[in-house]
Structure formats: structure tokens, C-alpha cells
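Engineer: this one's sequence-less:
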């Protein structure tokens, strides 16, 4: 994260911290990138949000084992609907929205149970994509409610890569991997200025200090827990 403009109250923004050439999101490629982040002084992130690419999660467990895992709801919803007939997709989409938009973890878990009860018998593979990953899908409830909108999905990255893909198609290739990586870096570097500022930025320091949240509400500060 980087500091906001000098005038007015300070704000915190999402920001680019690393970019590297990789091989099909492999564990080795992710491991190299994460090790580089650690060498440059990065501590274990609190939550890490990502899709179902196993390479990331395996490398994360090795390099930043204390990091919490949060699965992206946009990717998960897409995976679920792709496993269903078109006629049932609107209902499944609504059910998943009721899960990740629930006011607290208890209601989210109840919505998961309702989804499994309604569609589990007829569409077990689709429902299993939710029930088997429910802990990582609901990890955001252990962070400030103001941050939930940022933690439920990897949208900033996805939107940025859409722009990158469009630009690379127009240029019809960059000539070499080095030039391609440089072009992608400049595109992402430019895009980060348009990323949404973090809601409740003042709570980031509390999260990093070890404060405990339940259903988005602060219940214990780190110093109080140490007494």
C-alpha cells in the first residue's frame, strides 16, 4: 500500500508490489515471486485473496504460512454456474449472493446449508464447490466489515488484466518476454491509480497489529490480549 495525496486526511490505496513472468501459475513461479517479496521485507499478509489456482496456495503455505486464505467469490460463482444447466443458473447465483452478502458468518453458513439442501441432491458437484471451500470463502468475516468489499473478490486484478489483454491484442505481440513484461508493468502501474481506495483505511493498522474481529466488529485489541 502507498500513501495518498498530501492534502486532507491520509488515505490508503491498493498498490502494485510485484510482477513477474510465470509458467501457467505454477507453484514454482508463485514461489519465486513470493520469495522475492519476502526478501524485500514483506511480512506475512493478513488475508490473501485468490482464485482456485493451486500453485498460489501451495507456494503461500511455504513462504507466508501465517497468511489467511480468502477465495474469490467472483471466480467461485463462475465455477458453480458453469457446472449447472442454464435454467438453474439464476437461482444458484441468487443463492450465492445471499451467502457472501449475509450480515454475519452465522447467516452465511445458514445460506450455504439452504443452498446444499435445495440443490445438493440434484447437482452435487456444483454445490460441493461451495461446501468444500466454505471456510476459505467466509474468511472475510474475521476482518473489519469496512474491508469486506475489498476481500470478497480479486476484481481490481481482473479488471486490470482485461485492459492488459486488450492492449496486447492491439499491439499483436511485444517482440520478446522482456518487452512484454515491461509493457504489462507499465499498464498495471498506470491502472493502480484508478483502483478504489480502501474503505476504513484507519483499520488496516489494527488488523496488522493483531487485533481480532468477529463478523466485522472489533472485539479485542492486540495489547489487550497480551495482558
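Structural biologist: Sure thing, it's come through. Source: prediction; values computed, not measured.
Engineer: residue contacts, residue 158?
Structural biologist: Contact analysis of residue 158 by C-beta atoms under 8 Å, 6 or more residues apart in numbering lists residue 74. In short, each C-beta sits where N, CA and C put it, glycine included.
Engineer: who does the residue most central in space within the chain bridge with?
Structural biologist: Of all residues in the chain, the one closest to the mean position by C-alpha atoms, centre = their mean is residue 49, 2.2 Å from it. Beta-bridge partners recorded for residue 49 (DSSP bridges): residue 70.
Engineer: Touching, it and residue 155? I think so.
Structural biologist: No. Using C-beta atoms under 8 Å, residue 49 makes no contact with residue 155, being 9.6 Å away.
Engineer: how many neighbours does residue 220 have?
Structural biologist: Look at residue 220: counted by other C-beta atoms under 10 Å, it has 12 neighbours.
Engineer: my bad, residue 26
Structural biologist: Using other C-beta under 10 Å, residue 26 has 16 other residues around it.
Engineer: show me where the chain has helices.
Structural biologist: 27-39, 54-63, 73-82, 89-100, 105-119, 124-131, 134-137, 148-151, 155-171, 177-191, 204-208, 222-226 (DSSP state H).
Engineer: I'd like those laid out as a markdown table, including mean pLDDT and distance to residue 15.
Structural biologist: Shown next, in a markdown table, are these (pLDDT from 0 to 100; distance: least, C-beta to C-beta, whole Å):
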| stretch | mean pLDDT | distance to residue 15 |
| --- | --- | --- |
| helix 27-39 | 95 | 13 |
| helix 54-63 | 94 | 19 |
| helix 73-82 | 96 | 21 |
| helix 89-100 | 97 | 25 |
| helix 105-119 | 97 | 29 |
| helix 124-131 | 97 | 31 |
| helix 134-137 | 96 | 24 |
| helix 148-151 | 95 | 13 |
| helix 155-171 | 74 | 10 |
| helix 177-191 | 85 | 9 |
| helix 204-208 | 94 | 12 |
| helix 222-226 | 53 | 25 |
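Engineer: Please tabulate those helices in a markdown table, including the columns distance to residue 20.
Structural biologist: As requested, these are exported to a markdown table (distance: least, C-beta to C-beta, whole Å):
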| stretch | distance to residue 20 |
| --- | --- |
| helix 27-39 | 5 |
| helix 54-63 | 12 |
| helix 73-82 | 21 |
| helix 89-100 | 30 |
| helix 105-119 | 35 |
| helix 124-131 | 29 |
| helix 134-137 | 24 |
| helix 148-151 | 23 |
| helix 155-171 | 14 |
| helix 177-191 | 8 |
| helix 204-208 | 25 |
| helix 222-226 | 33 |
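Engineer: how about the ones you listed, which one is nearest residue 216?
Structural biologist: Closest to residue 216 of the helices of the chain is helix 148-151 (C-beta to C-beta; 6.5 Å).
Engineer: any idea how far residue 181 is from the residue nearest to the centre of the chain?
Structural biologist: 23 Å (C-beta to C-beta, to the nearest Å).
Engineer: Check residue 144 too.
Structural biologist: Applying C-beta to C-beta to residue 144 and residue 181 gives a distance of 35 Å.
Engineer: Kindly report the same for residue 133.
Structural biologist: For residue 133, the distance to residue 181 equals 32 Å [C-beta to C-beta].
Engineer: again, but for residue 38
Structural biologist: Taking C-beta to C-beta, one finds residue 38 at 21 Å from residue 181.
Engineer: ok, now residue 44?
Structural biologist: For residue 44, the distance to residue 181 equals 27 Å [C-beta to C-beta].
Engineer: quick one on the thing from earlier: mind checking which of the helices of the chain is nearest residue 21?
Structural biologist: For those, proximity to residue 21 was assessed by C-beta to C-beta; helix 177-191 is nearest, at 5.4 Å.
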